[in-house]
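> need coordinates for the below:
(one chain, ligands or ions: 1)
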Amino acid sequence: MASVTPIPVDRDSPAWAQLDIPETADTPFTDYTRWRLKVSDGGRHIWHYLNTDEETAAWPQNTIDKYWIGLDTELPSLPKAKTPYEAARNGYEFYKNLQSDDGHWAGEYGGPMFLFPCTVIGSYVAHMAFTLQERLEMIRYLINHKNSDGGWGLHIEGPSTVFGTGMNYVAIRLLGMKADHPIAVGARECLHKLGGAAAVPAWGKFFFSLLGVYDWAGNNPVPPELWLLPEWLPIHPHRWWIHVRQVFLPMSYLYGVKYVMPENDMVLQLREEIYPDNYYSVNWPAQRNNIAKIDLYTPHTKLYDTLSQFLSVYESCPFPPLRKAGIERAYQLIVWEDENTDYQCLAPVNMMLNLVARFSREGVDCESWRKHEIKRRDSMWLGAEGMMVCGTNGSQLWDTQFIVQAMVDTGLANDGNGKYQQSLVKALEWLDEGQIRENPKHFECAYRHRTKGAWGFSTKEQGYTVSDCTAEGMKAVLYLQNYLDFTPKLVSEERLQDSVDTLLTMQNPDGGFASYELIRAGQWSEWLNPAEVFGNIMVEYNYPECTTSVITSLAIFRKHYPHYRAADIDRTIRGAVDYIHKVQSPEGGWVGNWGICFTYAAMFASESLSLVGETYETSKYARKSCEFLISKQREDGGWGESYKSCEQSLWVEHENTQIVQTCWAVMALMYAKYPHAGPIEKGVQLVMSRQLPTGAWPQEAIEGVFNKSCAISYPNFKFSFPIWMLGKADRYLKQLKEKTSGHSNSGQSH
Ligand SMILES: CC(C)=CCC[C@@H](C)[C@H]1CC[C@@]2(C)C3=C(CC[C@]12C)[C@@]1(C)CC[C@H](O)C(C)(C)[C@@H]1CC3
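From the prediction side, this is the model:
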């Protein structure tokens, strides 16, 4: 087994020493034949570097390792596909090789550029080292994702910002790059040009303060006392969107105790490097609202600034018993979050802040530090461009359920004399294991929503229900268990009912579904958004994608189990469909929030509408959606939208046609039973023309987004959606032809 360093490592030890780094990332930084992805415990992912030849021989590198590192997979070229169905099959011939032994599909989940420095700074502060190879590959990742002006953005496709550049500059220095390295010099110049570290957004100010390269007085207050407010108050933090709440929680603790790491040489140097002016003469209180223009997506409101001013007055003299009680309450909630998720935490930002909070109180010689050390690597991933930090501890459930549905819906599951059966049974086994069976250990007391019967986005261990993950996870199980005759019934009817019960608790009064919880406070909470770089983060919102996933899965469940809570399901679906009607734009599109953007949302909306009988012929909503999509089809037959569509809630054309978006659009047309073959054929041709000889598709632009402004990668989408769309289109186009030549048409596969 590969060795990692499970002991606390002093910041002055060689584990953090300066390294000699090549000037470019053109040469290998480590020996790529020595990296292995270990999958364990229901889908945990850890990349290991094998130091010895014996270890390397005992644990051979497999296709999954090679593919994700960007090495030649040596998979064969396949006979060229002549039909869409053959192209889909070739796609799966390739993609089945990326399925892990436990049945799920692992994958990279990078894109955001702020998670990486949060992890590095948090680790540094908490004495938690990386291996030398991890450090080298992390540095390589930053070199590869640097913009031409020397800086980094909020995400890998974004322009350089102070948040991206400042935080990643600090990260690359902590990881061992010397200050006079050309990359560091370039990044520093870019940072200074953008205004220097003083103008970093709030989360940057916070992490820098922990490290001691910013002053706490330069932060707007994050008072832990807020946790002591009566829970019925609309501004109680338990009403905020779970990601904001879980980040605010350890922040409020650390702010309350004003934790700062002890000063060392590195800190002193960074103070010199990241400010164009003298660090020691900065007027810190004046920096609280100093945010570089380029970083601003959501500027502070007057209300927020006024409130912060009041709180700053309190901060100059906090009431000790109140402060102490707030700190204790926050700490209790931090511990509960760690325990509820077995130290995976909701996502990497709160994971690192929880780590620092617990380290600051409990030190390194304790169970919490050791458990955090075990789980921190779950969100680190080695890709072709180096080692990154992912949005979560993976996208296991999300990737697995899409390909499973694709295989069943297209009929590929039964193809090739049972060739794919084993792989699908394995996937079912993983989904069976991956369902959350209980409510959280610390449940209502920790403000958690119920989880019994749910699936989360990544693994069961992470333990959070997401409405659409539960919906799609249940749908995938229904597809596998109820549409195929070779699969065992691993998930009982009772457990499916648990999923339905959870889904039914998640509908908001206006019919829509949000992500993790019900909407707990009004949209006005956005006036208090302190995070500047993101939009719509303070509370839950209804999302078209989440709502439509729930409609679809409940509609399919109802077909198979018509007697279970029939009236509740009918009512829920009706309310959700009303919501979907209501939020369609006058042009016929839906704004996608988690994928880019209109094409993504159209696919979900169209599927759900079709399941309640609304198609091109029968529904003005479905027809408008088709017309909207057709109006966006490009000359070459494909579709291409920029991530900027999500920032602006307006269609923004991408400079290139995108395979994945073309699949979403064509699938939307097919769900709506669009009656004209031409546009569908052209989309199919485009996607087939870009297939590689191995059956794979190349990586194109980033596919996902969150919080309006931050793009995130879903590289497995380039397999699941082309396979799904092409397999479906093959049948659909044949049926259309039969119809036009007078035969009957059953339309849908199920
Ligand atoms: C602002 C902070 C705390 C950043 C950490 C990143 C998280 C907020 C992001 C990373 C992955 C992310 C985009 C995700 C989602 C929410 C926000 C996440 C967790 C959800 C679960 C919302 C519902 C969506 O339909 C879908 C399931 C696709 C995504 C999955 C990833």
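
> for the longest helix belonging to the chain, which residues meet the burial criterion?
Across the chain, the longest stretch assigned as helix under DSSP state H is helix 717-740. Going by neighbour count (16 or more other Cβ atoms under 10 Å), the buried part of helix 717-740 is 717-733, 735-736, 739. C-betas here are computed from N, CA, C, even on glycine.

> what is the end-to-end distance of stretch 171-187?
12 Å (Cα to Cα, to the nearest Å).

> do stretch 193-211 as well
Termini of stretch 193-211 sit 23 Å apart (Cα to Cα).

> cool, and stretch 532-550?
End residues of stretch 532-550 are separated by 31 Å (Cα to Cα).

> same question, stretch 203-223
15 Å.

> equivalent analysis for stretch 213-222, please.
Termini of stretch 213-222 sit 18 Å apart (Cα to Cα).

> list of residues touching it?
Applying Cβ atoms under 8 Å, 6 or more residues apart in numbering, the external contacts of stretch 213-222 come out as 170, 197-198, 200, 202, 205-206, 208-209, 248, 251-252, 255, 258, 260, 267, 270-271, 274, 279, 282, 284-285, 287-289, 308, 311-312, 314-315, 530.

> show me what from the stretch 551-700 of the chain comes close to the ligand.
Contact residues (Cβ under 6 Å from any ligand atom) of the stretch 551-700 of the chain with the ligand: Trp594.

> which residue packs closest to the residue of the stretch 551-700 of the chain found nearest the ligand, ignoring adjacent ones?
Going by Cβ to the nearest ligand atom, the ligand is nearest to Trp594 of the stretch 551-700 of the chain, at 3.8 Å. Closest residue to Trp594 apart from its sequence neighbours, by Cβ to Cβ, 6 or more residues apart in numbering: Glu545 at 5.7 Å.

> and that neighbour, what element?
Here Glu545 sits within helix 544-560, counting by DSSP states H and E.

> mind listing what's buried in that helix?
Residues of helix 544-560 classed as buried: 544-558 (neighbour count, 16+ other Cβ under 10 Å).

> ranges for the helices of the stretch 351-500 of the chain?
367-376, 396-410, 421-434, 467-483, 493-504 (DSSP state H, counting those that start in this stretch).

> the stretch 601-750 of the chain now?
According to DSSP H, counting those that start in this stretch, the helices that the stretch 601-750 of the chain contains are 620-632, 644-648, 659-671, 677-689, 717-740.

> from Trp524, how far off is the closest residue to Asp305 other than its chain neighbours?
The spatial neighbour of Asp305 that comes closest, neighbours along the chain excluded (Cβ to Cβ, 6+ apart), is Asn289 at 6.3 Å. Plainly put, Asn289 is 21 Å away from Trp524 if you go by Cβ to Cβ, to the nearest Å.

> so for these two, which sits in the more crowded spot?
It is Asn289, of Asn289 and Trp524, that has more neighbours when counted by other Cβ atoms under 10 Å, with 16 against 13.

> just the pLDDT for the more buried one.
pLDDT for Asn289: 96.

> hang on, Ile21 is in a strand, isn't it?
No. Read with DSSP: H, G, I helix; E, B strand; the rest coil, Ile21 is coil and lies in no strand.

> that one contacts Leu175, doesn't it?
No. Ile21 is beyond contact range of Leu175, at 9.2 Å (criterion: Cβ atoms under 8 Å).

> got the residues of the stretch 401-550 of the chain near the ligand?
Near the ligand, when you scan the stretch 401-550 of the chain using Cβ under 6 Å from any ligand atom, you find 457, 466, 468-469, 515, 534, 545-546.

> one more time with 5 Å
For the stretch 401-550 of the chain, the residues in contact with the ligand (Cβ under 5 Å from any ligand atom) are 457, 466, 468, 515.

> among the residues you listed, which are located in strands?
Among those, no residue falls in strands (DSSP state E).

> now these as TSV including pLDDT and neighbour count?
What follows is these, written out as TSV (pLDDT from 0 to 100; neighbours: other Cβ atoms under 10 Å):
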residue	pLDDT	neighbour count
Phe457	98	26
Val466	98	27
Asp468	98	27
Ser515	98	24
